[in-house]
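Engineer: sequence-free structure coming up:
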DNA sequence: GATGAATGAGCGTTCATTCAT
DNA sequence: AATGAATGAACGCTCATTCAT
C-alpha cells in the first residue's frame, strides 16, 4: 500500500515537473513556439515520458490556465483575509474593489501571466475543469462567499461577477501589455468607478429600489 | 497606362482573394492550424504567389482583424443611421445601446467572426492600423462622433468607450461561443444595464442630475 | 548601320551592367548566396532581362573570373612599365619579383577579389576563354613577353610560370584571408626566396648545363 | 552498461554512414548540388536522422576534408615507412620527394578526392580541427617529424612546408583534373625540381650562414 | 527587347509520435 | 516506467524559369 502511494507520489511529481516546465516556456516564448521535447527536456525527462502523463501540450495548457487563475484569486483572497479580521462582515463593495486592485497588482508584476491567462482562459475551461491537483475551491467561490455573507443583496450575482471579472481582465490586457490606450495607473481609478457603478446597478435596496432610477427606463425588466 | 491600371487591378484582386481565402480557413480551423500553402491553394494560386503579397499569415491576420472589426462597426453605424434621421441629435445613451445591441446581434449571427476578432484584436492593431483598402474612418470614430455631437458631456471619453467595448467583447465571447455562464439573451439585458450605469458614472452633470437624463433617455424602451 | 551599332552598344552596356552588379554581390556575399533576381535588381533591370544575356549565374562567374584575373595582371604590367623605361631589357628575375609583389599587394587590398578568383579560377577557364570584352592579351602573355625578350634563358618556361603563379596564388589565399599560418608580411620575403630559387633552377646557363646544377644539388648557389 | 556501449556503437555507425554517403555524393556532383535529404537517403536513413548527427552539410564537409587529408598523409607516411627501415635517418630531401610523389600518385588515382580536398581545404580547417575519429596525428606532423630528426637543418620550417604543400596541391589540381597546361607526368619531374630548389634555399649550412645567401639574394632590393 | 507576375519544385528544418530497449 | 533514437510528414520559404503583356 505504501509502495503504491510512493509510486503515486512519484507520478504526481513528474506531472508537476512537466507543468512547471511548461509554464516557464509558455510565458517565456508562447505556446506555439514551445515544443513537447523542450518541455520534457526542461523538466529533466526524456521526450517519450511526456506522453505517459499528457496527451499534448494543449492539455498542459488547460491545466495551467485554471491553476494559475486559481492562484491569482487565492492570493487575492489571502490578501483580503490579512487585511480584515472578518472579511465578510465588511462592506462588499470595498472588498470587491480590494480584490480587483490586488489582481491588477499581480498582473502588473507579471504581465506574461496576464497574457497567458487572458489568451487562453475560455469560460469553458474556467468553470468546468475541476482541479484535482489542488483541492481548493473554484476561483469564483471567492465572490460567491463574499456575496453570500454580505448584508447588501444583489440581483444576478453570478452574471454581475462574470461581467466585472471580464471587464477587469480585458481592459487590463492591452493596458498592461501594450500601454494602450492609457497607462494602467490612469485606467485603474476609472475602472474602479465603473465597477462601483455596476455594483450599484445590481444592488437590491429595501426602501429605495436601485431600479427606480434606471427603472423607469427599465420597467420592462421588472416584469421580466 | 490603361494596361498598368489593369495589372494593378489584378493585383488587388489577388490580394483580396488571399484575404478571403485566409478568412475562410482561419474561422474554420484557426490560424495556427492553417498553412500558407492551404491559403494559397484555397485562393487558387501557387504557394509562391502568396509571398508576392504578404510576408506571412500573421500579416494577413492583422489586415483581416482590422477590416472585420471595421465592417462590424460600419454595419452598426449604418443600422443606426437608418433608424434615425439625424443620429447625432438623439440621446447618446440610446445610440450607444443601439450600437451594442447591433454588434451583439452580428456576433450572434456569426460566432466564428467573434472568435476570430476576440482572439486577435489587440488594441495596438485596433487603433493604429489605418485601413487603406476601405477608405472609411477608424471604427472608434463612430463613438467619437456620437460623443462630440452629444448634448451630454462625459469625462474620460476615450477610456469610457474603451471599457464599454472591452466589456461587450469579452462577456459575449464565452456566452455566444460556449453558452456560458448563461445564454446571450439572458446576458444582454444585464450587460446593457451595466453599460448604462457606466455611462452615468462618467457623465458630467450641470444642474440636472445625470440620472434624470437617463430615464428620459430610456423612454424609447417603453415603446419597444 | 549606325542604329544597329547603337543597339549593339546598348546590349553591351546591359551585359556590362549585369557583370558589374554580379561582381559586387559575389564578392559581398558569395556566389551561392546570390540569386539571379538580385543580380538583375542590382543592375536596375527586370529579372527576365537577365536571361536575354546570360544562361545562368555561373556563366557570369566565368566571365568575371577571367576578366578580373586579367585586370590584376594588367595592373601589374602597367606598374612594371611605369617603373622601367624598357622593362624587357632589365633582369627577368627582378621583373618577375616585381610582378609578384605587385599582385600580392593587389590581393592585400581586396581580399574578396582573392577569394573570388582563387575559389573559381580553374586553369581551364583561365587559359581557354578568350575575352571578347577587352581585346587585350591573355594574362599569361605578360610572362611570355618577359621571358621572350630576356637575356637569360629558361627551360620549361610555361610550366615554370605556371608553378610560380600557382604558388603565389595558393599560399596567399590562406595567409591573406585567414592570416594563417603566418601574416602576409612574414610570408612575402620567404615566398620571394622560393620563387628566386625556382627561377634559378630553371635557368639555362651557357657553359654549365642546368641539369648539372640540379644533380650536384647546390653548385648553382656557389656560382650565384 | 554493455547496452549503452552498443547504442554508442550504432550511433558511430550512423555518423560514419552519413560521412561515407556524403563523400560519395560530394565527389560525384559537388557539395552545392547535394541536398541533405539525398545524403540521408543514400545512407538509408530518414531525412530527420541527419540532424541528430550533423548541423548541416558543411559540418560534414569539414569532417570529411580533414579526415581525407589525413588519410592521404597517413598513406604517404606508411609508404615511406615501408620503404625505409628507419625513415628518419635518411636524407630529408629524399623523404620529402618520396612523400610528394606518393601523394601525387594518390591524387592521380582518385581525381575526385583531389577536387574535393583542393576546393575545400582551408588552412584553418587543416591545422585546427583535431580529429577525434581517428586518433592519429595531425597530417602536418609527418613533416615536422621528418625535419626534427633530420641531420640537415632548415630555416622557417613551417613556412617552407606550407609552401611546398600548397605548390603541390595547386599545381596538381588543374593538371590532374583538366590535363592543363600539361600532363601530370610532364609536371612531376619539374615540380620535384622546384621543390628541391626550395628545400635548398631554406637549408641552413654550417659554414655559410643562411642569411648570407639571403642577403646576396636580396641585393636586388638594394638597387631597388 | 523588356518586363515582372506567376509558378511550383525543391530546399532546409522542425517536431509529434512511435517503439525497441 | 522510462528512455531517446528514429521517423517522415509537413512546414515556411526561395528561386530559377516561363510567358503574357
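Structural biologist: On my side now, so go ahead. Note that the coordinates shown come from a computational prediction; the quantities given were computed from them, not determined experimentally.
Engineer: what residue is smack in the middle of chain A?
Structural biologist: Centre of chain A computed as the mean C-alpha position; nearest residue by C-alpha atoms, centre = their mean is residue A:69, 3.7 Å away.
Engineer: so it sits right up against residue A:117, yeah?
Structural biologist: Yes - at 5.8 Å, residue A:69 and residue A:117 qualify as touching, with contact defined as C-beta atoms under 8 Å. Using the backbone N, CA and C atoms, a C-beta is placed for each residue, glycine as well.
Engineer: now for the closest residue to residue A:17 other than its chain neighbours, how many residues are close by?
Structural biologist: The shortest distance from residue A:17 to any non-neighbouring residue, by C-beta to C-beta, 6 or more residues apart in numbering or on different chains, is to residue A:43 (4.3 Å). Residue A:43 sits with 22 neighbouring residues when counted by other C-beta atoms under 10 Å in any protein chain shown.
Engineer: same question for residue A:101.
Structural biologist: Burial of residue A:101 is recorded as 16 neighbouring residues (other C-beta under 10 Å).
Engineer: elements contacting the helix or strand hosting residue A:195?
Structural biologist: Taking DSSP states H and E as the definition, one finds residue A:195 inside helix A:184-202. Under the contact criterion of 3 or more C-beta pairs under 8 Å, 6 or more residues apart in numbering or on different chains; DSSP states H and E, helix A:184-202 touches helix A:92-109, helix A:157-178, helix B:157-178, helix B:184-202.
Engineer: wait, residue A:202 touches residue A:156, no?
Structural biologist: Yes - Residue A:202 is within contact range of residue A:156, at 6.0 Å (criterion: C-beta under 8 Å).
Engineer: list the residues that are in contact with both of those two.
Structural biologist: By C-beta atoms under 8 Å, 6 or more residues apart in numbering or on different chains, residue A:202 and residue A:156 have these common neighbours: residue B:190.
Engineer: the two: which is more packed in?
Structural biologist: When residue A:202 and residue A:156 are compared on other C-beta under 10 Å, the one with more neighbours turns out to be residue A:202, at 23 against 18.
Engineer: what sits against the more buried one?
Structural biologist: Counting by C-beta under 8 Å, 6+ apart, residue A:202 makes contact with A:154-157, A:160, A:210, B:190, B:193.
Engineer: reformat those as a markdown table; add pLDDT.
Structural biologist: Written out in a markdown table, the entries for the contacts of residue A:202 read as follows (pLDDT from 0 to 100):
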| residue | pLDDT |
| --- | --- |
| A:154 | 93 |
| A:155 | 93 |
| A:156 | 92 |
| A:157 | 89 |
| A:160 | 93 |
| A:210 | 41 |
| B:190 | 97 |
| B:193 | 97 |
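Engineer: give the buried subset of these as a ChimeraX selection command.
Structural biologist: Taking 16 or more other C-beta atoms under 10 Å in any protein chain shown as the burial criterion, the selection of buried members of those in ChimeraX is written as:
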select /A:154,156,157,160,210 /B:190,193
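Engineer: quick one: which of the contacts of residue A:202 is nearest residue B:93?
Structural biologist: Of all the contacts of residue A:202, the one sitting nearest residue B:93 is residue B:193; the distance, using C-beta to C-beta, is 12.0 Å.
Engineer: excluding its backbone neighbours, what's nearest the closest one?
Structural biologist: Nearest one to residue B:193, counting by C-beta to C-beta, 6+ apart, is residue A:201 at 5.4 Å.
Engineer: ok, now residue A:63?
Structural biologist: residue A:19 (6.2 Å).
Engineer: identify the residues contacting the one you found.
Structural biologist: With contacts taken as C-beta under 8 Å, 6+ apart, residue A:19 has the following neighbours: A:60, A:63-64, A:67, A:133.
Engineer: what helix or strand is it on?
Structural biologist: Here residue A:19 is covered by helix A:2-29, with elements defined by DSSP H and E.
Engineer: so where's chain A shaky on pLDDT?
Structural biologist: A:1-4, A:86-89, A:122-140, A:206-224 (pLDDT under 70).
Engineer: got the domain ranges for it?
Structural biologist: Taking automatic domain parsing as the domain assignment, the ranges for chain A are A:1-54, A:62-223.
Engineer: which one, of those domains, ends up nearest to residue C:95?
Structural biologist: Each of the domains of chain A was scored for nearness to residue C:95 using C-beta to C-beta, and the closest is domain A:1-54 (64.8 Å).
Engineer: do that closest one and DNA strand E meet?
Structural biologist: Yes - Domain A:1-54 reaches DNA strand E (C-beta under 7 Å from any atom of the strand) through A:33, A:35-37, A:47-48, A:50-51.
Engineer: tell me the helix or strand right after the helix holding residue A:195.
Structural biologist: Moving toward the C-terminus from helix A:184-202, the first helix or strand encountered (DSSP H and E) is strand A:203-204.
Engineer: can you give me the distance of residue A:11 to chain C?
Structural biologist: In this structure, residue A:11 lies at 51 Å from chain C, with C-beta to the nearest C-beta, to the nearest Å as the measure.
Engineer: ok, residue A:185 - contacts?
Structural biologist: Residue A:185 makes contact with no residue, according to C-beta under 8 Å, 6+ apart.
Engineer: quick one on the thing from earlier: give me the buried positions along the helix holding residue A:19.
Structural biologist: Applying a neighbour-count criterion of 16+ other C-beta under 10 Å, one finds A:14-15, A:17-19, A:21-23, A:25-27 buried in helix A:2-29.
Engineer: contacts for stretch A:20-40, please.
Structural biologist: By C-beta under 8 Å, 6+ apart, the surrounding residues in contact with stretch A:20-40 are A:18, A:42-43, A:46-47, A:49-50, A:56-58, A:60-61, A:64, A:68, A:110, A:112-113, A:115-116, A:120, B:32.
Engineer: measure it end to end?
Structural biologist: Using C-alpha to C-alpha, to the nearest Å, one end of stretch A:20-40 lies 11 Å from the other.
Engineer: how far does stretch A:67-87 sit from the chain's center?
Structural biologist: Centroid displacement of stretch A:67-87 relative to its chain, using C-alpha atoms, centre = their mean, to the nearest Å, is 11 Å.
Engineer: in that stretch, what counts as buried?
Structural biologist: Neighbour-count burial for stretch A:67-87 [16+ other C-beta under 10 Å]: A:67-70, A:72-73, A:76-77, A:79-80, A:87.
Engineer: including secondary structure and distance to residue B:181, could those residues go into a markdown table?
Structural biologist: As requested, the buried residues of stretch A:67-87 are arranged in a markdown table below (DSSP: H, G, I helix; E, B strand; the rest coil; distance: C-beta to C-beta, whole Å):
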| residue | secondary structure | distance to residue B:181 |
| --- | --- | --- |
| A:67 | helix | 20 |
| A:68 | helix | 20 |
| A:69 | helix | 15 |
| A:70 | helix | 17 |
| A:72 | helix | 19 |
| A:73 | helix | 16 |
| A:76 | helix | 20 |
| A:77 | helix | 20 |
| A:79 | helix | 25 |
| A:80 | helix | 23 |
| A:87 | helix | 24 |
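Engineer: dump the helices and strands packed on helix A:184-202 into CSV; add distance to DNA strand F as well.
Structural biologist: Formatted as CSV, the helices and strands packed on helix A:184-202 follow (distance: least, C-beta to the nearest atom of the strand, whole Å):
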stretch, distance to DNA strand F
helix A:92-109, 32
helix A:157-178, 24
helix B:157-178, 25
helix B:184-202, 34
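Engineer: could you dump these to CSV with distance to residue C:10?
Structural biologist: Putting the helices and strands packed on helix A:184-202 into CSV (distance: least, C-beta to C-beta, whole Å) gives the following:
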stretch, distance to residue C:10
helix A:92-109, 67
helix A:157-178, 55
helix B:157-178, 61
helix B:184-202, 71
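Engineer: looking at the ones you listed, which is nearest to residue B:98?
Structural biologist: Closest approach to residue B:98 among those is made by helix B:184-202 (10.3 Å; C-beta to C-beta).
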